[in-house]
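Colleague: pasting the sequence and the predicted coordinates here, then a few questions.
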Protein chains: 2
Amino acid sequence: MTRSSSASLASQVVRAAQKVTGSSPVVLHEPSFCGNEWKYLKECLDSTFVSSVGKFVDRFEADLASYTGARYAVAVVNGTAALQVALRVAGVAEGEEVLVPALTFVATASAVVHCGAVPHFVDSEEASLGVDHRSLREYLQTETDMRNGQCFNRRTGRVIRALVPMHTFGHPADIDGLLEVAREFALELVEDAAESLGSTVNGLHTGTFGKLGTLSFNGNKTITTGGGGAILTNDPELAKRAKHLTTTAKLPHRWEYVHDEIGYNYRMPNINAALGCAQLEQLPNLLHQKRRVYERYVAAFRDVPGVRILGDLPGCRSNFWLQTLILDPSVASQRDAILAATNEAGVMTRPVWNLLHQLAPYAGFPRMELPVAESLARRVINLPSSAALGSEAA
Amino acid sequence: MTRSSSASLASQVVRAAQKVTGSSPVVLHEPSFCGNEWKYLKECLDSTFVSSVGKFVDRFEADLASYTGARYAVAVVNGTAALQVALRVAGVAEGEEVLVPALTFVATASAVVHCGAVPHFVDSEEASLGVDHRSLREYLQTETDMRNGQCFNRRTGRVIRALVPMHTFGHPADIDGLLEVAREFALELVEDAAESLGSTVNGLHTGTFGKLGTLSFNGNKTITTGGGGAILTNDPELAKRAKHLTTTAKLPHRWEYVHDEIGYNYRMPNINAALGCAQLEQLPNLLHQKRRVYERYVAAFRDVPGVRILGDLPGCRSNFWLQTLILDPSVASQRDAILAATNEAGVMTRPVWNLLHQLAPYAGFPRMELPVAESLARRVINLPSSAALGSEAA
């Protein structure tokens, strides 16, 4: 036995993580501005078009469409707004239910509420951390009725209109299985790809499989616009409606102000889009570095017992947004000791989000049994993940 | 008689406007970046804190509070979000009614709807273009009942909870009269000061008279953050709740994600706040220039019959955000000819917004008779208003 195996698991994790992070304090994730960020911001300021008019929004939307392979991208103020509007244009009406994972950032569910709809929490799978299509199918078979081509929740009497898988920390959910369930139960599939820009399944970009998908460019994401998000879709009518709704639903006119729906002020400002254009140019390089961070963690944790670093599933390619350490059930009780030891050592880590059905404001919403999500919530820890940790110098 | 008085009114307006704008094409309003905009943006990018963490958001909030005299300012993504959250923390509940002018930008009413409440349209006054407290009082006396200290709409049975005056184009509404009506009918007064940063009444800043007030820093406003807004209040509890709700309602914790309400992702990104800090430093100078633009228009239009340039009312000081030409009722029929002639001559003008009760999505909401708003809607034209038109060189 080596010395490390007899040390506490927490101290072994600190040592392994520091093989990647070094001994100076590191945060969980910081952005990297190595390209034209400067140049485009200056160009934007010099043009005076920093706000709703300006070429960078159009360019960012075109660049995003081109990068993801979606036919259309609509840039908005953030990922929450993107999901709210995507659900609305997907046809989710007030009082209808939307299936979302319990294991996700709170925005997935609050976007549903902001849409006037009801989140309905579903379980996740150990392999991808995404929604488990197997347990979901069994649950829907037992708990719902199909009437007039719509899926009704037998307990609440409400229509279940949509399914929102989320690609956790950049790892693609089992999208093929989920698409099948969605078809079977007449659910609109809207992908919350807030965390998975750059992640693919069989070479196709996450966020492009459902009716619509949504991205986030918050400051903690792989690329950032300060604050921002986007809606992806291949449907020209949905894209047009999303753009219209996010820009106060104003009809084009030389000077009149006619709004034909109750819209939102969710447009991405030009200055944020300028930053986004520069960041998107850097994305391939950032993805390369983030994959290297993953490889370094795999090597560093090879000899630490009872833990694994989450990697790619067959056919999938993660962006490795946040590196993910998963504890075996047998060592789950040591999670808090590991969190404390790493953070005290200057290695910023955090557990996965508190499960949404356990938060007071979401506790009353419908849900299935959530054994896997509840187990994962006790065993998942994110490690420092900045792309810079994977640069050649690192 | 001079030659000009026999020419068409439209051509007289073009000639008068061009005395201020010159003969090159000019837009309605463009921002002016003459200070530390570039320096602060660079500082922000160099720090890598472009998003939700960073010193510029705190500083912008402190600077706004200091400038307006409000005890607290909470920076958010835009003015619509600011008003939605201000109404929610003011106590507006789902299904309650909120009095808003019919003569305003659509966001005033859509913020009410996004809050789950019902806009109720009220009339304006000729003098300030703001809500008319006299006709409002008469209307409320006739149409409402006070029960348990609450104001009930007799027709709909709903509580009327709040009154949202808007300071049109920067001209303060008659806030003292409106505050009296609000007290009399137990209405929360929330000021939509989106257009009136820098405008005062008796030396006090608009947006600081009600329970809360809201600002906008959209690209067309006096100062801009690209996109942005703020909530003003003197109440520490309301300020705290507004900050909490606009930042996903997350409780502070070293690593846990506990959210105790259904919140919003409405935080202003640090990079937009950086721009705001630099712009706010320029505000006194911009206000000086914009007042000079007003004076130049007054001089230029002195001999044009049937029109007037909207100026300050007693005790009020406008920021002159958008310069406002008001046609006498006798020449209202020439509005469209004036709009066409000016825009064709490269002098960008526009009419006031279409009245909200005349837009299809808002047509079903309650309203009083709106004779003044309907008259003004036919007679108000905004003229090019950029601060640069009032610089010494202009």
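Modeller: Received the coordinates, thanks. Residues are numbered from 1 along each chain as shown, chains lettered A, B, ... in the order given.
Colleague: and for the residue in the stretch 51-200 of chain A that chain B sits nearest to, the neighbour number?
Modeller: With distances taken as CB to the nearest CB, the stretch 51-200 of chain A approaches chain B most closely at A:S51, which sits 2.1 Å away. For glycine as for every other residue, the C-beta is placed from the backbone atoms N, C-alpha and C. Around A:S51 sit 25 other residues, with neighbours defined as other CB atoms under 10 Å in any protein chain shown.
Colleague: now do A:V331
Modeller: Burial of A:V331, expressed as a neighbour count using other CB under 10 Å, amounts to 15.
Colleague: list the contacts for the nearest residue to it once chain neighbours are set aside?
Modeller: Of all residues not flanking A:V331 in the chain, A:G306 sits nearest, at 4.0 Å (CB to CB, 6 or more residues apart in numbering or on different chains). Taking CB atoms under 8 Å, 6 or more residues apart in numbering or on different chains as the criterion, A:G306 is in contact with A:9, A:327-328, A:330-331.
Colleague: can you say which of those residues are buried?
Modeller: Burial by neighbour count, judged by 16 or more other CB atoms under 10 Å in any protein chain shown, picks out A:9, A:327 from the contacts of A:G306.
Colleague: A:K39 should be in a helix, yeah?
Modeller: Yes: membership of A:K39 in a helix is supported by DSSP: H, G, I helix; E, B strand; the rest coil.
Colleague: what residues are up against it?
Modeller: Residues in contact with A:K39, defined by CB under 8 Å, 6+ apart, are A:A278.
Colleague: check whether stretch A:86-104 contacts chain B.
Modeller: No: judged by CB under 8 Å from any CB of the partner chain, stretch A:86-104 and chain B are separated, with a smallest distance of 10.3 Å.
Colleague: so which bits of the stretch 51-200 of chain A are right by chain B?
Modeller: Checking the stretch 51-200 of chain A against chain B by CB under 8 Å from any CB, the hits are A:51-53, A:77-81, A:105-107, A:110, A:113-114.
Colleague: buried set for stretch A:247-267?
Modeller: Using 16+ other CB under 10 Å as the test for burial, stretch A:247-267 gives A:247-249, A:255, A:257, A:259, A:261-267.
Colleague: can you redo these as TSV with pLDDT, secondary structure and distance to chain B?
Modeller: As requested, these are exported to TSV (pLDDT from 0 to 100; DSSP: H, G, I helix; E, B strand; the rest coil; distance: CB to the nearest CB, whole Å):
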residue	pLDDT	secondary structure	distance to chain B
A:T247	95	strand	11
A:T248	94	coil	6
A:A249	95	coil	8
A:W255	87	coil	4
A:Y257	92	coil	4
A:H259	96	strand	5
A:E261	95	coil	5
A:I262	95	coil	5
A:G263	96	coil	7
A:Y264	96	coil	7
A:N265	95	strand	4
A:Y266	96	coil	8
A:R267	95	strand	7
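Colleague: now the two most distant members of the residues you listed.
Modeller: Of all pairs drawn from the buried residues of stretch A:247-267, the greatest distance, 23.6 Å, lies between A:W255 and A:Y266 (CB to CB).
Colleague: now the closest residue to chain B within the stretch 101-250 of chain A, what's its secondary structure?
Modeller: Distance from chain B to each residue of the stretch 101-250 of chain A (CB to the nearest CB) is smallest for A:G219, at 2.1 Å. Counting by three-state DSSP, the backbone at A:G219 sits in coil.
Colleague: mind listing what it touches?
Modeller: By CB under 8 Å, 6+ apart, the neighbours of A:G219 are A:31, A:226-227, B:49-53, B:269-270.
Colleague: same deal with A:V14?
Modeller: Under the criterion of CB under 8 Å, 6+ apart, the contact list for A:V14 reads A:341-342, A:345, A:347.
Colleague: quick one: which of those residues is nearest chain B?
Modeller: Distance to chain B across the contacts of A:V14 (CB to the nearest CB) is lowest for A:T342, with 9.9 Å.
Colleague: what's the neighbour count on the closest residue to that closest one other than its chain neighbours?
Modeller: Of all residues beyond its chain neighbours, the one nearest A:T342 is A:T349 (4.3 Å), with distances taken as CB to CB, 6+ apart. Residues within reach of A:T349, counting by other CB under 10 Å, total 22.
Colleague: so A:K243 sits in a helix?
Modeller: Yes: with the criterion set as three-state DSSP, the secondary structure at A:K243 is a helix.
Colleague: my read: it touches A:A73, true?
Modeller: No: between A:K243 and A:A73 there is no contact, the gap being 10.0 Å when judged by CB atoms under 8 Å.
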